[in-house]
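Build me a model:
(2 chains)
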Amino acid sequence: MSATSGTAAAEQEQTGAARGPDGVEPPVLEVRDLEVSFPGGRGNAGVTAVRGVSYEVRRGEILGIVGESGSGKSVSSLAAIGLLPDYAQVKGSIRLHGEELLGLDDRTMARKRGHAISMVFQDPLSGLTPVYTVGDQVAEAVRVHNPQISRAAAHKRAVELLTLVGIPDAERRQRSFPHEFSGGMRQRVMIAIAIANDPDVIICDEPTTALDVTIQAQILEVLKAAQRETGAAIVMITHDLGVVAGLVDRVQVMYAGRLVETGTVDDVYYRTRMPYTMGLLGSVPRLDQDEKSPLIPIKGNPPSLTDMPPGCPFAPRCPIAVEACDAGEPPLEQVGGEGHRAACIRAGEIESNSWTAHDVYPVSEIAHDPVSQVPREDRGTVLRVEGLAKHHPLMRGALFKRRVGTVYAVDGLSFDIREGETLGLVGESGCGKSSTLMEILSLDKPQQGTVEVLGKESGRLSNRERFDVRRDVQVVFQDPMSSLDPRMRVFEIIAEPLRTHGYAKDRIRSRVLELMELVGLDGSAVTRSPAEFSGGQRQRIGIARALALEPKLLVLDEPVSALDVSIQAGVINLLEELKARLGLSYLFVAHDLSVVRHIADRVAVMYLGKIVEIGDVQSIYRRPTHPYTKALLSAIPLPDPEKERRREHIVLQGDLPNPADPPSGCRFRTRCQKFAVLSEDDRSACREREPELRHRVEGAADQAAACHYADTEGSR
Amino acid sequence: MAKFLVRRLLSYLVLIFLASSIAYLIAATTLSPRAYFEQQQPPPSDQAIERQLDKLNLNPETPLAERYATWVAGVAVGDFGQTITDQSVNEAIARKAGVSLRLIVAGTVIGATLGVAMGAYAAVRQYGRFDRVTTVAAFFLLAVPAVVVAVTLQVIAVWINDVSGMRLLEYGGEYSANLDAGFWGTLLDRVQHAILPTMALSLSLFAAFSRYQRNMMLDVLGSDFVRTAMAKGLTRRAAMIKHALRTALIPTITYFTFTFGILIANATFTEKIFGWHGMGAWVVDSISTQDVNAVAAVTFFMAVCVMAASFLSDVLYAWLDPRVRVS
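Model (predicted):
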């Protein structure tokens, strides 16, 4: 039993919940052999999204359901709360307190929804009705189940709930509309709605996926508080193995609509018996491992749910698949500890040989980059940015526009990238990462400062020179679904930059095929359109297009954040390999610090348009000196249950301040955990003087932080 | 918010002035009141025509600017001048505006409400039988000109009256002349007369609104906040009405402003076809009698109607979308 369930058990004793005859408390929610299918029609085949899933949660317990997109984890939970579309066919049994929920009509089910069973959804930005105040929407949840309650009393309760989930000044802010709240605040409101009627089960569907890590840490705290308050069972659906590790008691891994491994967190993480789970755990870049080893990519893609292979659905991607795997789907069977079950016919072998992910998955060594042997100072500079600033004017008025303020999107940024080097640019959304990229890519004269690409200064180029520089700087975008023209064939997409830059016609074809091979795609696929590829493959096409002109610098804007972890690992490995083979330099923008740690040589941490800490990856991750860097690193959950439970997270308060009105002096001071414990005298420096970016630590040549009170000795 | 509405109102006044001025100038330059008098039987003498034209401020010999100035000076004190038969335009407006307004208001309210309700319901039951029927009906009505719809309705009314053997539906005039049937009898008579023209007017509005509302509703049906509302414990129906429809109504309000102009044009045909003596019928008659002042006055009336409609939609918009109010 884990630490979290210990407190839950204590609470069960206090509340004295009803127990079954054998002393074991009956489950609150019990799902048996759930099957959900969406019938096809008009030429589309039907899809069976969930194929026989069973689970149960008890009072005070947190159950994690982990899986990649399309694994059926969300569909199974939507079935439990009765929110699937009408045409979905649901079979099996879902019992809440022993009462069957399947087949209930909408009116009866509505009485349970939000009362006995409630849900927190993924995207808080679109989850609230834009035309009602947040107070009204919380009060509505109260009133719909307690019609006798007066309007005033419901609003009083709404304010209580909003205070509980950490909305400051709830009395006043309950009159705000959703668009006046940040994403994190809206998610708090969603949680307030979910706990409004003391539910017995709360289903959380990726509640933190759309949020920044610092906000994610806040929301996880709120969820824990909400559970303490209501004593509810929580079903936590996520793709993030880190989030699950420290939070849940039991975890279930789903693949292709089925459970493939279930058990306590420790069993599943430390005594993994299913190759898919191993792959998932191995494909996550880790913050807690010093040794840089290549990630484990799971080859191939999840099977199409319309056309399932007869055997184990994971067999086509499994490195240890044998012939027997194709014979039939393996049942979920007991392996080892109590409640630990896995669906793999070789689970016994894995156990007796105590195989780990690195034994099961063949790991390819990544070629060493010859450039990295040369000291940094001796390498040429690919990109130099000095004092770059981008300010957007804030305008008001319809006919006569007047300037009412300035958004300081990027405010004095300096860094450089050498040959064969990767600089990771990290920070929360809204910190100016993307604005920086766009300023660099525009090749126009910046408002302030200079941008020098391969020794040529932006804004001082003739059109011809600019065109030539474009050849050397290419970009890969975040969303592979929208960055490729859906009406063009892959061949056209990759050939377009070649044609634009006047490649000889006869050379284009061979170059395109060469590029396809370089990014690990089959050359014969060039006649297909992007829609026929999966997300990871599309991102590879995007990379091939960017590489077509043999650039020196590749700008990567969150290239893997839209991909599933197992796919993400493959793309990261590819990027590393390409860098070594082609001697590229990367400017890698990401919000995921573990990915950056894995791929970058140097890292720059941005906050409100400024770099607060910059340096080589080893120094920054081992010995962060700026409070913000520390908080960011601390906020990332580790996919290691024991370490995660022992860790103390630094939870930053509040949201990113308004970039149109940044705090005086140090911009981070309003949320700084260090500022909070400083004496009043020491604080005045933070308020009055803006800290400059300079070396703070003895012995670390390449590390600079912008903090008056940065740590000076090496400790974490 | 009030400031915003006042500013809007002021700009509407400017627009109304411009619209009626342009209408006056066009009418004054293109219509030929002299021709109207010359073809009278027996033809009046040249001096008599001249006198009459001067009296009515219609003489093309007078410079346009001068005639316009006279007209504006009149309008400024609320006098729209005389018709070509030397009657007060103001009195005619007072008599006819009510007729048109009754038709337009009833047509708009019925057409828009039905269109919104049926469009929203069709979206909820997408590809269902109701959706298919309303889709076909709406496209049919959109494809057929309002005139044809009105005449078809008359034909159907005749048939219904024949079959039932009673005069259930009236299709000429606004009321029966010399009827003496007390308050309820008069009301019934009015309703009998009003059904067909109101239907003719509201059908095309219904068609446009149901299509538009259906699309708007489809956009929000699958949205996360509707799902949140249901997860709270609202029934599907309650979530649809309180959260989905409420949000989907906002763009429809803007659309209302655009369709209102077309509605007024349709009202003109409808009045003419059903023999209602409203503003629409009057403008058609005035053009054929070369009546400049009447044409300008009717244009003024129509501009006021359109601006009133857009002001109404501004108010409705602010009421429905609180985001406008806060920012």
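
List the contacts of stretch B:200-212.
With contacts defined as CB atoms under 8 Å, 6 or more residues apart in numbering or on different chains, stretch B:200-212 is touched by B:103-104, B:106-108, B:110-112, B:114-116, B:118-119, B:122, B:134-135, B:137-142, B:146, B:149-150, B:153, B:252, B:255, B:259, B:262-263, B:266-267, B:270, B:273-274. Just so you know, the C-beta spots here come from the backbone N, C-alpha and C atoms, and that holds for glycine as well.

The nearest residue to A:S69 once chain neighbours are set aside: how many residues sit nearby?
Of all residues not flanking A:S69 in the chain, A:D564 sits nearest, at 5.7 Å (CB to CB, 6 or more residues apart in numbering or on different chains). Applying other CB atoms under 10 Å in any protein chain shown, we find 22 residues neighbouring A:D564.

you'd agree A:H155 is up against A:A139?
Yes - if you go by CB atoms under 8 Å, A:H155 and A:A139 touch, sitting 5.1 Å apart.

Which stretches in the stretch 151-300 of chain A count as helices?
With DSSP state H, counting those that start in this stretch, the ranges of helices along the stretch 151-300 of chain A come out as A:151-164, A:170-173, A:183-194, A:213-230, A:241-247, A:265-270, A:275-283.

got the contact list for the residue in the stretch 101-250 of chain B that chain A sits nearest to?
With CB to the nearest CB, the shortest gap between the stretch 101-250 of chain B and chain A falls at B:G233, namely 3.4 Å. Contact analysis of B:G233 by CB under 8 Å, 6+ apart lists A:110-115, A:141, A:144-145, A:197.

Just the buried residues of the helix or strand A:H392 falls within, please?
A:H392 is part of strand A:381-396, with elements assigned from DSSP states H and E. By 16 or more other CB atoms under 10 Å in any protein chain shown, the buried positions in strand A:381-396 come out as A:382-386, A:388-391.

ok, of those residues, which one's closest to A:E517?
A:V382 (25.8 Å; CB to CB).

just to revisit the earlier point, and the closest residue to the residue of the stretch 101-250 of chain B closest to chain A other than its chain neighbours, what is it in contact with?
Excluding the flanking residues, the one nearest B:G233 by CB to CB, 6+ apart is A:G114, at 3.4 Å. A:G114 sits next to A:141, A:144-145, A:193-194, A:196-197, A:199, B:231-233 when contact means CB under 8 Å, 6+ apart.

A:V476 touches A:I541, doesn't it?
No - assessed by CB under 8 Å, A:V476 is found out of contact with A:I541, at 10.1 Å.

Got the domain ranges for chain A?
Segmentation of chain A into domains, based on automatic domain parsing, reads A:3-17+A:25-263, A:271-360, A:371-617.

got a markdown table for the ones you listed, with mean pLDDT too?
Shown next, in a markdown table, are those (pLDDT from 0 to 100):
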| stretch | mean pLDDT |
| --- | --- |
| domain A:3-17+A:25-263 | 87 |
| domain A:271-360 | 84 |
| domain A:371-617 | 89 |
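
Next up, the contacts around B:Q126.
B:L218.

Apart from its chain neighbours, what residue comes closest to the residue of the stretch 501-650 of chain A found nearest chain B?
Here the stretch 501-650 of chain A gets closest to chain B at one residue, A:A562, 18.6 Å apart by CB to the nearest CB. Leaving out its chain neighbours, the residue that sits closest to A:A562 by CB to CB, 6+ apart is A:D479, at 5.2 Å.

and if you look at A:P168?
Going by CB to CB, 6+ apart, A:P168 has A:G654 as its nearest residue, at 7.8 Å.

So that neighbour sits against A:R671, correct?
Yes - the criterion here is CB under 8 Å, and A:G654 meets it with A:R671 at 5.5 Å.

Looking at those two, which is more packed in?
The neighbour comparison of A:G654 against A:R671 (other CB under 10 Å) goes to A:R671, with 20 against 15.
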